[in-house]
Structure formats: structure tokens, C-alpha cells
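1. okay, structure incoming, though there's no sequence with it:
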DNA sequence: ATCTATCTACCTACTGGTAGGTAAGTGGAT
DNA sequence: ATCCACTTACCTACCAGTAGGTAGATAGAT
């Protein structure tokens, strides 16, 4: 799903990967919308947990921000996958409203997480020119998602790092 | 194509929109790869021309950058469409190598255009902290593409402006 | 202990519909 | 007469989703 998008993946593909018949997947997730909603929810929880782990493992805003950038970098899986959110939004026209709402919720969660980290960086003075942590967070999310697209287009994870330079170069 | 993506749009859809039979489209563009390549090429030329128009209509780097941001903003068409490049890359796994190369070429062209504008801004001192115009250009492209995704996810063009704030707030 | 009923998780086989793509023909312009 | 743009009618492959059934685990009643 994260590598082929909503319109590009099928029950048959998934069935082959997980090793059961597609009818069995329909048993657990009657429609593609159900399946997608479950995936987004799982992704939401997984990322939320990862952010929590980062909070416990890193104490400064600087380290936390870098760890969260690394989190997105890892999500690329060497260019084979995108952030679930990115691959789904591109095919928004095919999504059910339930899935769209879940994507919005995921993004709101990530913005809140980033805003908290930027607020901390502001207090630490560990990053240049932070005037509005929430605005910074929204921009950072857009930048990260755009960096994912860049890396995929160039078929090169370095493109992700080059795009993120605009943010990482502000760290001190 | 720009609203539904490569995997989400079909010859039948397109035929209905343009008012001829889908076999007639196959006459002009035998395969979906041919059609997509032609679309990317047209998009490339159209944007190149738009950038040229901006260069003649605006003289300062500051004005040119703002006009190019507006160009991307207009490409959203009130949230109904994405930059062609964005909607295609998400379904990269379904694309022919020819199309991927054309997308790379398009991105290289846009990076070069943006780099030129950032270089001018640097000379004018009309934007804060420009140290590397090419790096700025790459980051700006990622930000613009990410802002497109944000606007689409939030179903609100304001989300585009909010993401771009990180760049526009540096103008002076 | 065993019979019975129900449930879970899976299966094969199929549906209606749509995908990209093609072969052969039509009709107007040069 | 020939070419060009387009048509109808068709193909095969695949799509999401369904019908109907089965093996095996679970649990309550006797």
C-alpha cells in the first residue's frame, strides 16, 4: 500500500504477500475502505508510539527533532515506500470520507508532536528563528512529505537529506 | 490525471472528458506510458513558459519568487488537482522508465529556475539567510510539493499558504 | 466424556464490471 | 486513390466483492 498507493494495490497482491487467499482478507476487512482505515489507524498508533519512544530516549528538543527527522527518513525504506499519508492523499478521490478523516487525524497528531519539539527548541535556543512553533510544525510536515517525494523521484535517499538541509542547517 | 493519479485515471474517463472514444486516444497514444510521457512533456513546457513569463513580468528576485509560489498555488485548482509531478511520483511503481526520466528532467528544470531566483534574492538581500541558492531551490521544491499534499489532505488551500509561511516569512 | 451448536478463519468458485489494448471498418479531406 | 482521424466491436486480464462451504477450536448441556 505504501509503495503502490490506494489505486495501485489490490487484494490479490496483498493476498500473495501475506500468504492467504484474497477472500480471507475480505473476511477480516470487507471493503477496501475498511482495510485502508485499519492500516491508517495502525500507522497512526505506530508513529505515535515511535514519537513517545523518542521522547523517552532523547531529552533535548534538538535531539528529538533530529530523531523525528530520522523517523521519516527510515519510513522511506530505501525509496521503496512512502509515508502512508503521502501515498494515500495522492489518490484522495478514491478514498472514503472515513479514511480521509483518519488521515487528517494522523496529520494533526504529527503537527502537535512537532510543535511540541519546536517549542522546546525555542526555549533551548537550539534552532534559529523560531517564532511560531505550530507554524514551524506545519511547514516541517510539508517539507518532510515533500522530501519523501523528492527522494522517490530522484530514486535516491540523499534527495531527502538535501531537502531537509533547510531545516537541519538551522540547528545549532 | 493530475486529480486522480496514474493508477486512478483511465482511458475511458479521459475519453468521456475530451469527447472522443477511447480507441481514438489509443490511436494518438498507443500505451498509457506514451500518453503519460506526452502529458509530462507538455506540463514541463507549460511550466517552463510560465517561468519565462514571470521573468519578463517581474524584475526583482523577491517578486519572481512570490510569482512562482503563486504559480504552484494556482496549480492546486482549489484542491482538485496536484502538480502532475506529485500525483505521478506516488505511483512510481507503475510508471515506465521513460516517464520517470521525464519527471526527473522536469524537477531539474524547476530546481534550476528556483536556484536562479534565490541567487538573485541573495544579491538583492531580499530574503534572509540564503547561503546556498541551489540547496534552497531543492528545499523549496520539496516544500511546495509537500504543501500541495497538505492542502489536499486538509481540503483547504490555506494549508498551502501556512506551509509556505516558512519561506515567505523570510522575505523582506 | 460426549454430543451438539456455534464460531473463527480460511477455502474454491464465481459475479458484474472495468482495465488497457487491438483489429477492422467508416468517412471526409487532399 | 490514398491518407488521416476516428469509429464500433471486440479481446484478455484483472478488479473488488460475494456465495457457499469446510476444518478445527470452543463451550455449554447432558
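-> Done, it's in. All values derive from a computational prediction rather than experimental measurement.
2. show the contacting residues for the residue minimising distance to the centre of chain A.
-> Nearest to the geometric centre of chain A sits residue A:83, at 4.1 Å (CA atoms, centre = their mean). Shown in contact with residue A:83 (CB atoms under 8 Å, 6 or more residues apart in numbering or on different chains): A:2, A:72, A:75, A:144, A:145, A:148. Where C-beta positions appear, they are placed from N, C-alpha and C, glycine not excepted.
3. OK, now which residue of chain A is nearest to chain B?
-> Per CB to the nearest CB, residue A:146 is where chain A lies closest to chain B, at 2.9 Å.
4. look up the closest residue to that residue, ignoring the ones flanking it.
-> The shortest distance from residue A:146 to any non-neighbouring residue, by CB to CB, 6 or more residues apart in numbering or on different chains, is to residue B:146 (2.9 Å).
5. per-residue confidence at the one you found?
-> pLDDT for residue B:146: 98.
6. got the contact list for it?
-> Residue B:146 makes contact with A:141, A:142, A:143, A:144, A:145, A:146, A:147, A:149, B:163 under the criterion CB under 8 Å, 6+ apart.
7. out of those residues, which one sits closest to residue B:65?
-> Comparing the contacts of residue B:146 against residue B:65 with CB to CB picks out residue B:163 as the nearest, at 15.3 Å.
8. ok, and what's touching the helix or strand hosting that closest one?
-> Per DSSP states H and E, residue B:163 falls inside helix B:158-168. Outside helix B:158-168, the residues that touch it by CB under 8 Å, 6+ apart are A:135-136, A:138-143, B:66, B:69, B:72-73, B:76, B:140, B:143-144, B:146-148, B:150-151, B:153.
9. what comes up buried for that helix?
-> The neighbour-count check on helix B:158-168 (16 or more other CB atoms under 10 Å in any protein chain shown) flags B:159, B:160, B:162, B:163, B:164, B:165, B:166, B:167 as buried.
10. before we move on, what about stretch A:60-79?
-> Result for stretch A:60-79 [16+ other CB under 10 Å]: buried residues A:61-69, A:71-73, A:75-76, A:79.
11. which ones among these are found in helices?
-> A:61-69, A:71-73, A:75 (DSSP state H).
12. looking at those residues, which is nearest DNA strand D?
-> Of all those, DNA strand D sits closest to residue A:75, with 23.1 Å by CB to the nearest atom of the strand.
13. residues touching the closest one, list them.
-> A:81, A:82, A:83, A:148.
14. next, give phi and psi for the residue of chain A found nearest DNA strand D.
-> Taking CB to the nearest atom of the strand, DNA strand D has its nearest neighbour within chain A at residue A:10, 3.1 Å off. Backbone torsions of residue A:10, given as degrees, to the nearest 10, read phi -130, psi 160.
15. got it, and the one 5 residues further on?
-> The phi and psi values for residue A:15, taken as degrees, to the nearest 10, are phi -60, psi -40.
16. in chain A, which spans are helices?
-> Under DSSP H, chain A gives helices at A:11-18, A:22-28, A:32-57, A:61-75, A:84-89, A:97-124, A:133-154, A:158-168.
17. how far away from the center of its chain is the second one?
-> Read it as helix A:22-28. 27 Å (CA atoms, centre = their mean, to the nearest Å).
18. again with the first one
-> Centroid displacement of helix A:11-18 relative to its chain, using CA atoms, centre = their mean, is 23 Å.
19. then the fifth one?
-> Counting by CA atoms, centre = their mean, helix A:84-89 is centred 8 Å from the centre of its parent chain.
20. now check it, is it near DNA strand D?
-> No. Against DNA strand D, helix A:84-89 shows no contacts by CB under 7 Å from any atom of the strand, the least distance being 13.8 Å.
21. what mean pLDDT does that helix get?
-> 96.
22. what's the answer for the third one, then?
-> Per-residue confidence for helix A:32-57 averages out to 97 on the pLDDT scale.
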